[in-house]
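Asks: Below: sequence and its predicted model.
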Amino acid sequence: MKELNILFLGGGKRVSLAESFILSGRKKGIEVNIFSYEINNETPISFIGKIIIGKKWNDSKILEHLEKVVNDEKIGLILPSVDKATITASNFKKYTKSKCFIPVPSPELCQIFFNKQRTYNWCLENGIPVPESNVKFPMIAKPIYGSASIGICKINNKDEFDIFKINNKISEYNIQRFIDGIEYSVDVYVSLKSRKVIVAVPRIRLEVTGGEATKSITKKDIKLIELSKKVALISGVSGPMVIQFIQDKNSKDFYLMEVNPRFGGAVLCSIAAGADFPGYIIDEIQDNNLSQYNIDWEDNMLMVRRFAEFYKKI
């Protein structure tokens with residue numbers, strides 16, 4: 001049986017995603033082995049894989065260290081789990097001399113999509129619907145380099161805005177019209193080889209904890225699917241990505257909120273619905289042709305998350 005060693009960058013709690021790669025590999029006759037690059041051993045993913053004690057994302061020696069890890073452990077695939085890890089993976093993709101498969105975009109694209117102001121400007125330049133910038137109350141202020149909904153503030157009137165300006169640097173926030181609506185995440189895969197969209201699965205974020213969907217349901221909304229495919233192709237991003245939208249409750253229009261060029265935390269919902277993201281990546285590693293669009297995933301697939309405990313003596 002063939003083997004594939006996968007290195008998660010900051011895999012942490014991504015146990016279910018790692019397990020989905022193991023299962024998908026097994027179906028294809030490939031033994032998948034999990035590794036995760038962490039700053040300590042006390043992470044859930046350690047129960048199904050080997051932990052590599054690594055360096056912090058901003059360490060000047062991290063690319064050199066990753067190269068050693070990839071060579072020593074014969075890593076065939078690198079998957080980042082958070083924004084900073086994605087930037088590191090992108091830089092490593094340019095740095096490495098190995099043949100490791102790294103499905104992330106260029107550092108230049110990362111700089112656009114991990115900066116909310118630059119993402120907003122990109123949307124305007126490319127005709128992608130986005131909430132207007134700072135037009136009237138209520139407004140929503142988002143840290144330009146924020147993630148996981150940290151630091152987001154709704155501003156209802158001028159008094160609140162004045163207080164906000166006293167306590168914060170406006171230049172560090174992207175401020176837009178607040179939209180009362182339904183939040184969607186769309187899990188997309190664009191082939192690195194054919195450059196075609198292979199799947200786009202919208203799902204409603206029914207419940208969000210710490211910026212990540214803990215309850216989600218797939219929805220075959222054709223308008224949103226086509227808009228997501230357009231965004232994906234214009235962006236130049238290849239590999240897995242998650243695009244976040246909000247649908248205005250009154251007008252029913254969709255507006256883009258974020259583009260994350262990596263797996264979303266709740267991509268398991270789309271995988272369970274029939275979008276085999278792990279299989280797509282494994283096929284690309286094996287040089288299998290990946291060009292046929294998948295629309296055969298299940299509508300109304302509900303995912304709910306729960307806590308699970310792991311124990312070991314350390």
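Replies: Sure, I can see it.
Asks: Give the buried residues for stretch 68-85.
Replies: By 16 or more other Cβ atoms under 10 Å, the buried positions in stretch 68-85 come out as 69-70, 75-85. To be clear about C-beta, it is placed using only N, CA and C from the backbone, and glycine gets the same treatment.
Asks: Please narrow these to those residing in helices.
Replies: Secondary structure assignment (DSSP state H) places 69-70, 83-85 from these within helices.
Asks: tell me which of those is nearest to residue 155?
Replies: Ranked by distance to residue 155 (Cβ to Cβ), these are led by residue 83 at 24.7 Å.
Asks: For the closest one, give its distance to residue 43.
Replies: 18 Å (Cβ to Cβ, to the nearest Å).
Asks: repeat for residue 138
Replies: As judged by Cβ to Cβ, residue 138 and residue 43 stand 39 Å apart.
Asks: out of these two, which sits in the busier spot?
Replies: Neighbour comparison, residue 138 and residue 43: the larger count goes to residue 43, with 20 against 14 (by other Cβ atoms under 10 Å).
Asks: Which residue comes closest to the more buried one once chain neighbours are left out?
Replies: Sequence neighbours aside, residue 12 is the residue nearest to residue 43 in space, at 5.0 Å (criterion: Cβ to Cβ, 6 or more residues apart in numbering).
Asks: and what of residue 34?
Replies: Once flanking residues are discounted, residue 34 sits nearest to residue 49: 3.0 Å by Cβ to Cβ, 6+ apart.
Asks: Next up, phi/psi of that neighbour, please.
Replies: phi -150, psi 180 (degrees, to the nearest 10).
Asks: And the one 3 residues further on, by the same measure?
Replies: The phi and psi torsions at residue 52 (degrees, to the nearest 10) take the values phi -110, psi 110.
Asks: follow-up on the earlier one: can you lay out the buried residues of stretch 68-85 as a markdown table showing distance to residue 128 and pLDDT?
Replies: Below are those laid out as a markdown table (distance: Cβ to Cβ, whole Å; pLDDT from 0 to 100):
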| residue | distance to residue 128 | pLDDT |
| --- | --- | --- |
| 69 | 38 | 98 |
| 70 | 36 | 98 |
| 75 | 35 | 98 |
| 76 | 35 | 98 |
| 77 | 30 | 98 |
| 78 | 29 | 98 |
| 79 | 27 | 98 |
| 80 | 24 | 98 |
| 81 | 26 | 94 |
| 82 | 24 | 92 |
| 83 | 20 | 93 |
| 84 | 25 | 95 |
| 85 | 26 | 97 |
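Asks: Could you work out the most separated pair of those?
Replies: Between any two of the buried residues of stretch 68-85, the greatest separation by Cβ to Cβ is 23.6 Å, found for 76 and 83.
Asks: got the end-to-end distance for stretch 176-192?
Replies: 33 Å (Cα to Cα, to the nearest Å).
Asks: Actually, stretch 25-33.
Replies: Per Cα to Cα, the first residue of stretch 25-33 is 10 Å away from its last.
Asks: what mean pLDDT would you report for that stretch?
Replies: For stretch 25-33, mean pLDDT is 97.
Asks: before we move on, the earlier item: give the burial count for the residue nearest to residue 34, as a bare number.
Replies: 22.
Asks: Could you pull out the helices in the protein for me?
Replies: Ranges of helices in the chain, per DSSP H, are 15-27, 62-73, 83-95, 107-113, 116-125, 158-167, 222-235, 267-273, 277-285.
Asks: Next, format those helices as JSON lines and append distance to residue 146.
Replies: As requested, the helices of the chain are exported to JSON lines (distance: least, Cβ to Cβ, whole Å):
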{"stretch": "helix 15-27", "distance to residue 146": "23"}
{"stretch": "helix 62-73", "distance to residue 146": "23"}
{"stretch": "helix 83-95", "distance to residue 146": "9"}
{"stretch": "helix 107-113", "distance to residue 146": "13"}
{"stretch": "helix 116-125", "distance to residue 146": "7"}
{"stretch": "helix 158-167", "distance to residue 146": "15"}
{"stretch": "helix 222-235", "distance to residue 146": "20"}
{"stretch": "helix 267-273", "distance to residue 146": "21"}
{"stretch": "helix 277-285", "distance to residue 146": "25"}
